[in-house]
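*Asks:* model this:
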Amino acid sequence: MLEVQAGRRLNAALQTEVVAMMNSGDWLRKLREELHLTRIAVERITSEIASQRTNKRYRIRRGRLTDIEERSSAPNIFEVESLSECYKVPYQAVLDVFGLSLAETPASTGSDEITRSWAFNDTGRPFSLTFQSRVSFDTTRLVTETAEELGVPAAVRQRLDSGNFRLGIIGITDDTMDDLVPGGSIVVIDRSNTTVEMRELKTIQERAIYFVWHQNGYNCSWCNLVGDMLFIIPHPTSRQSVMMFKFPRDASIIGRVVHVWPPLRLERSSK
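*Replies:* I've put the predicted structure just below:
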């Protein structure tokens, strides 16, 4: 028994050392190659996982996997679970290698109260955001509650209080950006970045997402500016249509979305 435990500790130490010598994307690619899986195969397997869970967010497309492997882009909570199951590694191992942390919170009990938690990694210091407040997620909007009222940790409030950042809410039924920014998410908006970026892109994940005000409300979406016309462009799989507004008369860009916290849990009890 002692020899087995010593062997396990040695294997864990070796795995930690190997992970330390490569970045998170390389670690994930190595796992895939050891299993002789192509990126197409991973997309197929994760599509099956998504089908089993009746949630398309578990699917990892080839382009998205390339982005995670080659640019060490952090996977979201659904992708972490799919990668864990697909590569037969512990869920926590995937979180650790990407510097993520999760904090579950109990279900809310108030009629409109929402309890939710997100993972976030800031310069190597992982922490979670836990919102425990009576917040409406019915429509996409700017957050009017203070960060302190929402329960945002002091470490995050210091950055938000700099004046360059605002929080936004994505309505629970808003599928404008599909699984890139799912309904029920909280987004951080950089108000200092209001210029529509136009450059050659390799993947859709690289395209800037903006938080926009217009005559009909708010949208979180891709944008294109042609002359004085602002085009609000949804994800290809969204049910939404492209919208056009005179700019800046009928629409304005609040800022660029720099962080997205998708919902881990969103429960409402009936009144």
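
*Asks:* export the helix or strand where residue 66 lies as CSV, just CAs?
*Replies:* Counting by DSSP states H and E, the element that carries residue 66 is helix 62-71. The C-alpha trace of helix 62-71 is given here as CSV (Å, rounded to 0.1, in the frame of the first residue of the first chain):
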residue,chain,number,x,y,z
ARG,A,62,-12.5,22.7,-34.5
GLY,A,63,-11.7,26.4,-34.7
ARG,A,64,-12.4,26.9,-31.0
LEU,A,65,-10.2,24.0,-30.1
THR,A,66,-7.4,25.5,-32.3
ASP,A,67,-7.8,28.8,-30.4
ILE,A,68,-7.5,27.0,-27.0
GLU,A,69,-4.5,24.9,-28.0
GLU,A,70,-2.5,27.5,-30.0
ARG,A,71,-3.3,30.6,-28.1
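
*Asks:* what's the first helix or strand after it?
*Replies:* helix 77-87.

*Asks:* for the stretch 101-250 of the chain, which spans come out with low pLDDT?
*Replies:* 101-134, 148-163 (pLDDT under 70).

*Asks:* what segments of it are helices?
*Replies:* Taking DSSP state H, counting those that start in this stretch, the helices of the stretch 101-250 of the chain run over residues 147-150, 154-160.

*Asks:* count of residues packed around residue 79?
*Replies:* Residues lying near residue 79 (other C-beta atoms under 10 Å) number 23. In this view, the C-beta of every residue, glycine as well, is placed from N, C-alpha and C.

*Asks:* ditto for residue 137
*Replies:* 22.

*Asks:* so it sits against residue 173, correct?
*Replies:* No. Using C-beta atoms under 8 Å, residue 137 makes no contact with residue 173, being 9.2 Å away.

*Asks:* what do the two both touch?
*Replies:* residue 183 (C-beta atoms under 8 Å, 6 or more residues apart in numbering).

*Asks:* coming back round to it: quick one: buried residues of the helix holding residue 66?
*Replies:* By neighbour count on 16 or more other C-beta atoms under 10 Å, the buried set for helix 62-71 is 64, 65, 66, 67, 68, 69.

*Asks:* what helices or strands is that helix leaning on?
*Replies:* Judged by 3 or more C-beta pairs under 8 Å, 6 or more residues apart in numbering; DSSP states H and E, helix 62-71 is in contact with helix 24-34, helix 39-52.

*Asks:* and for it, what's in contact with it?
*Replies:* By C-beta under 8 Å, 6+ apart, the list of residues contacting helix 62-71 reads 25-26, 28-29, 32, 39-40, 42-43, 60, 73-75, 79, 203-206.

*Asks:* quick one, which of those residues are buried?
*Replies:* Counted by 16+ other C-beta under 10 Å, the contacts of helix 62-71 give 25-26, 28-29, 32, 39, 42-43, 60, 73-75, 79, 205 as buried.

*Asks:* in contact with the nearest residue to residue 254 once chain neighbours are set aside: list those residues for me.
*Replies:* Take residue 254 and drop its neighbours on the chain: the residue closest to it by C-beta to C-beta, 6 or more residues apart in numbering is residue 211, 4.4 Å away. By C-beta under 8 Å, 6+ apart, residue 211 lies in contact with 142, 166, 168, 187, 189, 218-220, 253-257.

*Asks:* which non-adjacent residue is nearest residue 56?
*Replies:* Closest residue to residue 56 apart from its sequence neighbours, by C-beta to C-beta, 6+ apart: residue 50 at 5.1 Å.
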